[in-house]
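Asker: Just need the structure, nothing else, for what follows:
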Amino acid sequence: MADPTSYDLIVLGAGQGGGPLAGSAADHGHSVALVERAHVGGTCVNEGCTPTKTMIASARVAHLARRAEDYGVHIGDVTVDLAAVRQRKRDIVETFRAGSRRSVEDTDGLDLIEGAGRFVDAHALAVDLNDGGTRTLTAPHIVINTGARPVRPPIDGLDAVDALTSTSIMELGTVPEHLLILGGGYIGLEFGQMFRRFGAEVTIVDRGEHILGREDADVAETLGDILREDGLRILNETGMTAVEQAADGTITAHLNGDGAPDHLDASHLLLAVGRRPNTDALSLEAAGLETDRRGFVPVNERLETEVDGVYAIGDVTGGPAFTHVSYDDYRVLRDRLLAGAPATTDDRILAYTLFTDPQLGRVGLSEEQARDQGRDVAVARMPMAHVARALEVDEPRGLMKAVVDAETHQLLGAAILGIEGGEVMSILHTAMMGEVPVTRLQQAPYAHPTLAESLNNLFADLDLRASAAA
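Answerer: Just a heads-up that it's a prediction; the model follows:
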């Protein structure tokens, strides 16, 4: 093994937090090693946001094409060439991936080291290089940004079944005859609606009382009704106890749940029951680090681990597994390490969007969360069928819901399940960051006819107490 190479900073993982952090540190004159075992860009570019949203766009075109007569347009039969959809996805991923890699390679003072890193001690890594050999790297500061991967649940017979993950399903070249999805969370719902629109029969099996177990029941059930209207079969409060695969490829899943069949036959099985952190091969114990019971690396609000000089960001910390959260982790650590600023994650207002159609944009607290905290809340609700712009474009499915502090009139959270729900939610997210009371949103002169102006009506009849905040 060659002598160790010393750096000011080592970043383990070139995801949406690690890559930018490495680049910023190098731009500030520090020597930086960026260790990546697969592709620059992380899950988002290679397996997550970019490829899935690209394919969802194709599915929406197929959906709109089938609805063309609703708009007075006649186009004939609609067919989907999944191989062409896949190639479009691959091309966009490759473009984004190449751009991310080029940005790293063009940064002076930043070395991209391709291989799998593991700790030797708290300030040293051994990297098993992809092209052979091992290098040892040392630095006073090391950042773990190794992300997560799909969970493979402990189901009898699963090891003998060709089950799909959120990565491998995007490489199918033909539309499944019957796609069985285990899990009614964000990943399962996005892929379920997508492949239904591509032409597959789709069944979702989920243990919860309703899909999206962390969302308010009224929001989740409304989305469930929409998906059923689109032709998906959803089996709630149902478990999968065993699976087997016949010689012809047919997968039989054995189920346990009230109202569910004893078994279902499907051509394909997608596992969508969560993700586990990529920490098992890092030799964290050599650095004096311990994970939590699920394998995540605990950090404080400054993204520090229990070992001085070692930090963790992104999905590997067990926080919300969203690209924008990982990127915000980068901003916090950048400001702390490079500018000495007192940045933390404490004031972060969490927002995210589920890219079903219609989208579910979520920010802040749900109604259930707010009430569990003992908040005195007022709740505003309005069906999307009352939104003029939604009716004009014939997209009236869904609802708008906002949770407001009844005394201060500050917005605590919102769920916008509707056309461009993520964009409308982002207006409310901005209002929350700016501490704009909803009494201002009631009267805001939004342009007409836009989706934004629906916020006037959403808050129009909200029952709020008199307050100096008004």
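Asker: ok, and what's touching the strand or helix carrying Ser326?
Answerer: Secondary structure assignment for Ser326, by DSSP states H and E: helix 323-339. Outside of helix 323-339, the residues within contact range by Cβ atoms under 8 Å, 6 or more residues apart in numbering are 9, 15-18, 20-21, 24-25, 28, 42-44, 48-49, 141, 143, 145, 302-303, 311, 313-315, 317, 319, 341-345, 348, 350-352. Heads up, the C-betas are built off the backbone N, CA and C, glycines and all.
Asker: redo that, cut-off 7 Å
Answerer: With Cβ atoms under 7 Å, 6 or more residues apart in numbering as the test, helix 323-339 has contacts from 15-17, 20-21, 24-25, 28, 44, 49, 141, 143, 302-303, 311, 313-315, 319, 341, 343-345, 348.
Asker: Surely Ala116 and Asp128 touch.
Answerer: Yes. Ala116 is within contact range of Asp128, at 4.9 Å (criterion: Cβ atoms under 7 Å).
Asker: check contacts around Arg293.
Answerer: Here Arg293 is in contact with no residue (Cβ under 7 Å, 6+ apart).
Asker: Backbone dihedrals for it, please?
Answerer: phi -60, psi -20 (degrees, to the nearest 10).
Asker: Repeat that for Leu227.
Answerer: phi -70, psi -40.
Asker: how far away is it from Asp206?
Answerer: For Leu227, the distance to Asp206 equals 11 Å [Cβ to Cβ, to the nearest Å].
Asker: Overlap of the contact sets of the two?
Answerer: Ile234.
Asker: higher neighbour count, those two?
Answerer: Ranked by neighbour count (other Cβ atoms under 10 Å), Leu227 and Asp206 place Asp206 first, with 27 against 22.
Asker: okay, Ala116 and Asp128: which has more neighbours?
Answerer: Ala116 (20 against 14).
Asker: pLDDT wise, what is the nearest residue in space to the more buried one that is not next to it in sequence at?
Answerer: Leaving aside its chain neighbours, Ala116 sits nearest to Arg37 (4.3 Å; criterion: Cβ to Cβ, 6 or more residues apart in numbering). Per-residue pLDDT puts Arg37 at 95.
Asker: I'd assumed Gly115 was in contact with Arg37.
Answerer: Yes. The criterion here is Cβ under 7 Å, and Arg37 meets it with Gly115 at 6.0 Å.
Asker: Common neighbours of these two, please.
Answerer: Contacts common to Arg37 and Gly115, judged by Cβ under 7 Å, 6+ apart, are Asn130.
Asker: Wait, a strand at Gly422?
Answerer: No. Counting by DSSP: H, G, I helix; E, B strand; the rest coil, Gly422 falls outside a strand, being helix.
Asker: Could you report the neighbour count for it?
Answerer: Gly422 has 20 nearby residues by other Cβ under 10 Å.
Asker: for the one 5 residues further on, same thing?
Answerer: Ile427 is surrounded by 20 other residues when neighbours are defined as other Cβ under 10 Å.
Asker: Which phi and psi values does it adopt?
Answerer: phi -60, psi -40.
Asker: do you know how far it is from Gly18?
Answerer: In terms of Cβ to Cβ, Ile427 sits 31 Å off from Gly18.
Asker: Can you give me the pLDDT of the closest residue to Thr317 other than its chain neighbours?
Answerer: Nearest residue to Thr317, sequence neighbours excluded (Cβ to Cβ, 6+ apart): Val299, at 5.1 Å. Per-residue confidence (pLDDT) for Val299: 98.
Asker: Ala62: what's it in contact with?
Answerer: Per Cβ under 7 Å, 6+ apart, neighbours of Ala62: 78, 80, 197-198.
Asker: ugh, wrong one, I meant Pro320
Answerer: Applying Cβ under 7 Å, 6+ apart, the residues contacting Pro320 are Leu350.
Asker: One more pass at 10 Å, please.
Answerer: 326, 348, 350-352 (Cβ atoms under 10 Å, 6 or more residues apart in numbering).
Asker: and which of the residues you listed is nearest Val61?
Answerer: Minimum distance to Val61 across the contacts of Pro320 is 24.3 Å, recorded for Tyr352 (Cβ to Cβ).
Asker: Report the separation between the closest one and Thr317.
Answerer: From Tyr352 to Thr317 the distance is 16 Å (Cβ to Cβ).
Asker: Which one's more surrounded, these two?
Answerer: Comparing Tyr352 with Thr317 by other Cβ under 10 Å, the one with more neighbours is Thr317, at 26 against 17.
Asker: Please verify my assumption that that one contacts Arg302.
Answerer: No. Distance between Thr317 and Arg302: 12.0 Å, which falls outside the contact criterion (Cβ atoms under 10 Å).
Asker: which residues are in contact with both of these two?
Answerer: With Cβ under 10 Å, 6+ apart, Thr317 and Arg302 have common neighbours 311, 345.
Asker: Give the buried residues for stretch 113-128.
Answerer: Across stretch 113-128, burial judged by 16 or more other Cβ atoms under 10 Å covers 113-120, 122-127.
Asker: just stretch 291-307 next, same as before
Answerer: Neighbour count says stretch 291-307 has 291, 296-297, 299, 303-305, 307 buried, by 16+ other Cβ under 10 Å.
Asker: and of those residues, the nearest to Ser166?
Answerer: Phe296 (18.9 Å).
Asker: Now the closest one. Its backbone dihedrals?
Answerer: According to degrees, to the nearest 10, Phe296 has phi -80, psi 160.
Asker: from memory it sits against Arg276, does it?
Answerer: Yes. Using Cβ under 10 Å, Phe296 is in contact with Arg276, at 8.8 Å.
Asker: so where do the strands sit in the stretch 1-150 of the chain?
Answerer: With DSSP state E, counting those that start in this stretch, the ranges of strands along the stretch 1-150 of the chain come out as 5-6, 9-12, 32-36, 110-121, 124-129, 134-138, 141-144, 148-150.
Asker: Pairing partners for the longest one, with directions?
Answerer: Going back to what we said before, that points to strand 110-121. strand 32-36 (parallel), strand 124-129 (antiparallel) (DSSP bridges).
Asker: State the mean pLDDT of that strand.
Answerer: The model assigns strand 110-121 a mean pLDDT of 97.
Asker: same deal with the fifth one?
Answerer: For strand 124-129, mean pLDDT is 97.
Asker: Give me the contact list for that strand.
Answerer: 1, 4-7, 10, 12, 33, 35-37, 113-120, 133-139, 142, 281-283, 286-287.
Asker: Need the buried ones from those residues selected in PyMOL.
Answerer: Entered in PyMOL, the line below selects the buried ones among the contacts of strand 124-129, by 16+ other Cβ under 10 Å:
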select buried, resi 5+7+10+12+33+35+36+37+113+114+115+116+117+118+119+120+135+137+138+139+142+282+283+287
